[in-house]
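Q: Just to be clear, the model below is a prediction. Sequence and coordinates:
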Amino acid sequence: MATSLNGKTAAVIAHAQALFDDLTFTAAREWKAAAPGRKVVGYMPIYVPREIIHAANMLPLGIVGGGDQLEVIHGDAYYQSYICRIPRSTIELGLSGRLDFVDGMLFPSICDVIRNLSGMWKLMFPNVYSRYFDVPQNYRDDIGGSFYVNELADLRNDLAQIRGRPITDDELRHSIEVYNENRRLIRDLYAFRAERPWQAPAAEVYLVVRAGLVLPVEEHSAMLRDYLAAARAEERPMRDNCRIVLTGVFCEQPPLNLIKSLELSGCYVVDDDLLLITRWLTADVPAQGDPIKNLALAFLHHSESTAAKYEPNQKEKGQHLVRAVKRSAAEGVIFACPSFCDPALLERPMLQHVLKDAGIPYIAFKYAENSGQMQPIREQAGTFADSIKLWSGA
Ligand code: SF4
């Protein structure tokens, strides 16, 4: 991928690729070792308020499974075969010592699998702080909002105890500002790719965004700036690809080869729900006032829609996907869901229904993080791209 790139783009991508390949999390280990008392708190998909971890001077570390390079031996013994792979490879990461430097783990309330994993983590690693991080499914300020404010306050207190002193409001406000900037840069990157997808290939964008799971947020923002500048300056040919929105990939991540295969088969990815944590909040969180309340209100009123989030308004169900298609001028949608992923696969028929009504073409397939055979996916995506070109008369 990097051979024909200018030096700046190639350097950013090489750095991001090295972070992606490193299953022992060397960068996070080095960050922790660089000063006494530093702590690392891991989190799983989809969303945790990283601002609170950052405000405690800790490193939030995204753990999104083992990918296609990790051989899962112990993890398979903990779970039946008919569930997704991410909990098994995460257990493998833990039992093989790859996460032995992690001081805490947060398991967001996305599905039963991750909830159960939080309990298993407590049993397996009793000396590690483990928390099932619950988020509201009621979006009224006085109900779900009150619940969530308490949940955030509990997390703040827990982390304060681990570091040995309170987390101040000013520390939280500073962290909110730092993450606002990071989210703005990622929004810029997504907007740039939607406008000129040949200048920012999906696999590159993925690697650069994913680096944000393991780097301190300040370093990651610098990387995003570097990549945006380099990608804008890059001369790349525009291909006759169709433009698609990729959805369903919010938890267990597809292999990098799958993302590359989509583009090789003639599809430009112009929007996706990969690594949603990095842009879960869709607007800046106010940095003035009560920071915990501001984080809670941002979750209630300015957060992404996804299968793991309750949508009380039936008319609104799936409209986020229609809006994503229009916003990014996409011509179709590819549903790619992890095998056995209850939230994604239960949601998919409802979303397909909405797309059908809106006249938006789609295809669907499943994957696992270690899927190796890309030819069927290339064929399916290539045929989809061709048929869109045919229907549109281009
Ligand atoms: S891939 Fe789906 S089923 Fe598996 S842990 Fe993630 S959300 Fe749950």
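A: Yep, it's here. Numbers count the residues shown, from 1 in each chain.

Q: dump the residue contacts of the residue of the stretch 101-250 of the chain found nearest the ligand.
A: Here the stretch 101-250 of the chain gets closest to the ligand at one residue, residue 111, 3.3 Å apart by C-beta to the nearest ligand atom. For every residue, glycine as well, the C-beta is placed using N, CA and C. The neighbourhood of residue 111, defined by C-beta atoms under 8 Å, 6 or more residues apart in numbering, consists of 251, 308, 341, 342, 343.

Q: give the contact list for the nearest residue to residue 205 once chain neighbours are set aside.
A: When the adjacent residues along the chain are set aside, residue 205 lies closest to residue 193, with 5.5 Å between them (C-beta to C-beta, 6 or more residues apart in numbering). By C-beta under 8 Å, 6+ apart, the contact list for residue 193 reads 199, 200, 202, 205, 269, 270.

Q: wait, is residue 193 part of a helix?
A: Yes: the assignment for residue 193, made by DSSP: H, G, I helix; E, B strand; the rest coil, places it in a helix.

Q: Distance of it relative to residue 299?
A: Taken as C-beta to C-beta, to the nearest Å, the spacing of residue 193 relative to residue 299 amounts to 26 Å.

Q: can you check residue 9 too?
A: Remark: distance between residue 9 and residue 299 (C-beta to C-beta) = 35 Å.

Q: One more: residue 239?
A: Taking C-beta to C-beta as the measure, residue 239 and residue 299 are separated by 39 Å.

Q: still on that earlier bit, farthest pair in the contacts of residue 193?
A: 199 and 269 (13.1 Å; C-beta to C-beta).

Q: of those two, who's got more company?
A: Between residue 199 and residue 269, counted using other C-beta atoms under 10 Å, residue 269 has the larger neighbour count: 26 against 17.

Q: got the phi/psi numbers for that one?
A: When quoted as degrees, to the nearest 10, the phi and psi of residue 269 stand at phi -80, psi 110.

Q: My read is that it contacts residue 242, right?
A: No: the pair formed by residue 269 and residue 242 falls short of the contact definition of C-beta atoms under 8 Å, at 10.6 Å.

Q: and residue 239 and residue 299? which has more neighbours close in?
A: Regarding residue 239 and residue 299, a neighbour count based on other C-beta under 10 Å identifies residue 299 as having more, with 23 against 10.

Q: can you tell me the helix or strand for that one?
A: Following DSSP states H and E, the helix or strand that holds residue 299 is helix 291-301.

Q: to the chain's geometric centre, what's the distance from whichever helix or strand comes after that helix?
A: Tracing the chain C-terminally past helix 291-301 and defining elements by DSSP H and E, one meets helix 319-327 next. Centre-to-centre, helix 319-327 and its host chain are 19 Å apart (C-alpha atoms, centre = their mean, to the nearest Å).

Q: Any residue of the helix or strand that helix 319-327 is followed by touching the ligand?
A: Downstream of helix 319-327, the first helix or strand assigned by DSSP H and E is strand 332-338. Yes: judged by C-beta under 6 Å from any ligand atom, strand 332-338 comes into contact with the ligand at residue 338.

Q: Relative to strand 332-338, what are the paired strands and their orientations?
A: Strand pairing for strand 332-338, determined by DSSP bridges: strand 242-247 (parallel), strand 362-367 (parallel).

Q: buried stuff in stretch 90-99?
A: For stretch 90-99, a neighbour-count test (16 or more other C-beta atoms under 10 Å) marks 90, 91, 92, 93, 94, 95, 96, 98, 99 as buried.

Q: one step back: pick the most deeply packed of the strands paired with strand 332-338.
A: Scoring those by mean neighbour count under mean count of other C-beta atoms under 10 Å gives strand 242-247 as the most buried, with a mean of 24.

Q: Let me see the mean pLDDT of it.
A: Averaging pLDDT along strand 242-247 gives 97.

Q: Need the residues that contact it.
A: Judged by C-beta under 8 Å, 6+ apart, the contacts made with strand 242-247 from elsewhere in the structure are 197, 202, 259, 262, 266-274, 321, 324-325, 328-336, 351, 384-385, 388-389.

Q: Right, I'll leave it there.
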